[in-house]
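Chemist: Structure for the following, please:
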Amino acid sequence: PGAFFLDTCNAWHTTPSSGPIESPNPCARRGSMILTDVGWRRIETLEGKDVRIFDGVSFAVGEVWKTGRKSIVRLHTNNGRFLDVTEDHEIYTENGWVEAKATEGLSIPYVLPQIFISGDLYLPKCITGGSGYFYNTHREDLMESLGFLQGDGSMNPSSQVVTINYTPQKDGEFVEETVIPILSDIAADIGETEYTARQPQNIGHQYVISRSKLYKWLIDLGFNAVPLPKRTLPSFIWSAKRGAQCAFLRGLFGANGNILKDARNAVVLVSTCKQMLNEVQMLLQTFGITINVRIHNKEQEIEWDNGVYTIKESYHLEINHQQDIFLFAKFIGFPQESQLKKLHRAMSPHLMTKKASSFQHRTKMKVVKVECLNEQDDVYDFRVDTTSMGLVNGILVHNCSEFIRSNDEACFAGETRISTPYGLRS
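Modeler: Predicted structure coming up:
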């Protein structure tokens, strides 16, 4: 509560040659992901909590608070990222700190914090299978199975049926020997050791698990029982340990990933949900891996014998720099032996072209568009007292402050007056 007097602050301006002070407290939008010592977290979930925020160098004590509702602009980068902030939020660019509204066409550094994130020990709701086994994130094949389910599975909220789709030649061994036995055991009641997913006779390459126990557990983990274009990562993965994240991503790449058969030999992940690919992009950023997300096929209508169907827009997540492919192979890889062989061939020195090893996107990205969203949303400030910066949606931004800063970041205490029973008081 109180009033901010802009004219008084400019009268006290310590460096007036840098330009007038225009406003306080730039903000980041609700839903923005900020990197902390326990991983990426939605900024609104950190309000009022003790938190250590990545400040561009290490983790430092910080805080987050809500400032209200404000108008939002969206920054789009050439590698598929986006960032929603107020137009005056400062972004670190090739020209130093620049307000978001003026960043179009500027390059910004690609920060690759290869850090160890402790995460949580267990799944948010552990479960005992029919065999009596107690499942948690220590079990690598469980996490691979959940990753595969994210990519090539579906959940029906009305029937509470879980379905796994697969390609026999590529996925058969992994699905039949790992995914289905584990998910069937979780679906079974304790002591029920003979239950297994069924394979419909009229639908090939599919397994169906019609047990509500499995469905409800997946919902508790944060899986989304929605169509693929809206299917973001399950919420539990943001709190999982590093090893569990690796195994989950391995299963996801096993379901929807491949190696391109062209000069780039890029590792790709295909999806109709761009937001999910952006989330994977952020997770892999903490492994030191740079990634591009781009449109693969635009939405189109296809005419078949039985009618006209709309094909949803699809996207590619691409890993095409030599160093990034090596890091992907080291930390993630594929669960299928055939895919691993293709990955190892792609890393052969004679296949690594000069073009693939010289992409500038390993060190910087460019803001290609600043979009005014013409809407307001809840916004949050954060503060770190060390380097005064943080990593939000993978982009380096200035921390916010209840203090007012000029363009060259000279700090001062602006005049604030509080309403009291005795009138306004400084």
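Chemist: Now do the helix ranked longest in the chain: distance to the chain's middle.
Modeler: With DSSP state H setting the assignment, residue counts place helix 242-256 as the longest helix in the chain. Put simply, helix 242-256 sits 14 Å off its chain's centre (C-alpha atoms, centre = their mean, to the nearest Å).
Chemist: ok, now stretch 74-89?
Modeler: 14 Å.
Chemist: show me where pLDDT drops low in this protein?
Modeler: Along the chain, segments meeting pLDDT under 70 span 1-6, 9, 12-15, 18-26, 116-124, 263, 304, 308-309, 349-361, 400-426.
Chemist: go again using 80 as the cut-off
Modeler: Low-confidence segments of the chain (pLDDT under 80): 1-26, 114-125, 137-138, 193-194, 201-204, 261-264, 299-312, 348-361, 400-426.
Chemist: Could I get the full set of helices for it?
Modeler: Going by DSSP H, the chain shows helices at 6-11, 140-152, 168-174, 180-187, 212-221, 242-256, 274-285, 322-331, 337-346.
Chemist: And these: which comes nearest Glu90?
Modeler: helix 6-11 (17.2 Å; C-beta to C-beta). For glycine as for every other residue, the C-beta is placed from the backbone atoms N, C-alpha and C.
Chemist: of all the helices of the chain, which lies closest to Pro227?
Modeler: helix 274-285 (12.2 Å).
Chemist: can you give me the angle that closest one makes with helix 140-152?
Modeler: 150 degrees (axes from the mean of the first three to the mean of the last three C-alpha atoms, to 10 degrees).
Chemist: hang on, the earlier thing: quick one: closest of the helices of the chain to Asp55.
Modeler: Across these, closest to Asp55 is helix 274-285 (C-beta to C-beta), at 15.8 Å.
Chemist: Make JSON lines out of the helices of the chain and add distance to Arg81 and mean neighbour count.
Modeler: Putting those into JSON lines (distance: least, C-beta to C-beta, whole Å; neighbours: other C-beta atoms under 10 Å) gives the following:
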{"stretch": "helix 6-11", "distance to Arg81": "33", "mean neighbour count": "14"}
{"stretch": "helix 140-152", "distance to Arg81": "21", "mean neighbour count": "24"}
{"stretch": "helix 168-174", "distance to Arg81": "30", "mean neighbour count": "16"}
{"stretch": "helix 180-187", "distance to Arg81": "33", "mean neighbour count": "22"}
{"stretch": "helix 212-221", "distance to Arg81": "26", "mean neighbour count": "18"}
{"stretch": "helix 242-256", "distance to Arg81": "18", "mean neighbour count": "24"}
{"stretch": "helix 274-285", "distance to Arg81": "7", "mean neighbour count": "21"}
{"stretch": "helix 322-331", "distance to Arg81": "16", "mean neighbour count": "19"}
{"stretch": "helix 337-346", "distance to Arg81": "25", "mean neighbour count": "15"}
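Chemist: Just want the most central residue of this protein.
Modeler: Glu279 (1.9 Å; C-alpha atoms, centre = their mean).
Chemist: Apart from its neighbours in sequence, what residue is nearest it?
Modeler: Leaving aside its sequence neighbours, Glu279 sits nearest to Leu233 (C-beta to C-beta, 6 or more residues apart in numbering; 4.8 Å).
Chemist: And for the one you found, the neighbour number?
Modeler: By other C-beta atoms under 10 Å, 25 other residues sit near Leu233.
Chemist: Offset the numbering so it begins at 34, please.
Modeler: Yes, from this point I'll number from 34; that puts the last item at Leu266.
Chemist: which residues sit in contact with it?
Modeler: 183, 309, 312-313 (C-beta atoms under 8 Å, 6 or more residues apart in numbering).
Chemist: How far does the longest strand anywhere in the chain sit from its chain's centre?
Modeler: In the chain, taking DSSP state E as the definition, the longest strand is strand 397-417. Offset of strand 397-417 from its chain centre (C-alpha atoms, centre = their mean): 16 Å.
Chemist: Can you name every helix or strand that it contacts?
Modeler: Counting contacts by 3 or more C-beta pairs under 8 Å, 6 or more residues apart in numbering; DSSP states H and E, strand 397-417 packs against strand 61-62, strand 92-110, strand 140-142.
Chemist: Of those, which stretch is the most buried?
Modeler: With neighbours defined as mean count of other C-beta atoms under 10 Å, the helices and strands packed on strand 397-417 peak in mean count at strand 61-62, which reaches a mean of 26.
Chemist: contact partners of it?
Modeler: By C-beta under 8 Å, 6+ apart, strand 61-62 touches 67, 76, 105, 117-118, 122, 410-415, 425, 430, 433.
Chemist: Can you say which of those are buried?
Modeler: 67, 76, 105, 117-118, 122, 412-415, 425, 430, 433 (16 or more other C-beta atoms under 10 Å).
Chemist: ok, now how distant is the residue nearest to Glu312 from Gly180?
Modeler: Leu266 is 10 Å from Gly180, where distance means C-beta to C-beta, to the nearest Å.
Chemist: Check Val259 too.
Modeler: For Val259, the distance to Gly180 - C-beta to C-beta - is 17 Å.
Chemist: how many neighbours does the closest residue to Glu346 other than its chain neighbours have?
Modeler: Spatial nearest neighbour of Glu346, chain neighbours left out: Glu332 (4.3 Å); criterion: C-beta to C-beta, 6+ apart. Residues lying near Glu332 (other C-beta under 10 Å) number 12.
Chemist: Identify whichever of the helices of the chain lies nearest to Gln239.
Modeler: Across those, closest to Gln239 is helix 173-185 (C-beta to C-beta), at 9.7 Å.
Chemist: residues making contact with that closest one?
Modeler: By C-beta under 8 Å, 6+ apart, helix 173-185 touches 168, 170, 195, 197-199, 204, 207-208, 211-212, 215-216, 251, 254, 256, 264, 266-267, 273, 276-277, 280-289, 304, 368.
Chemist: Perfect, I'm done here.
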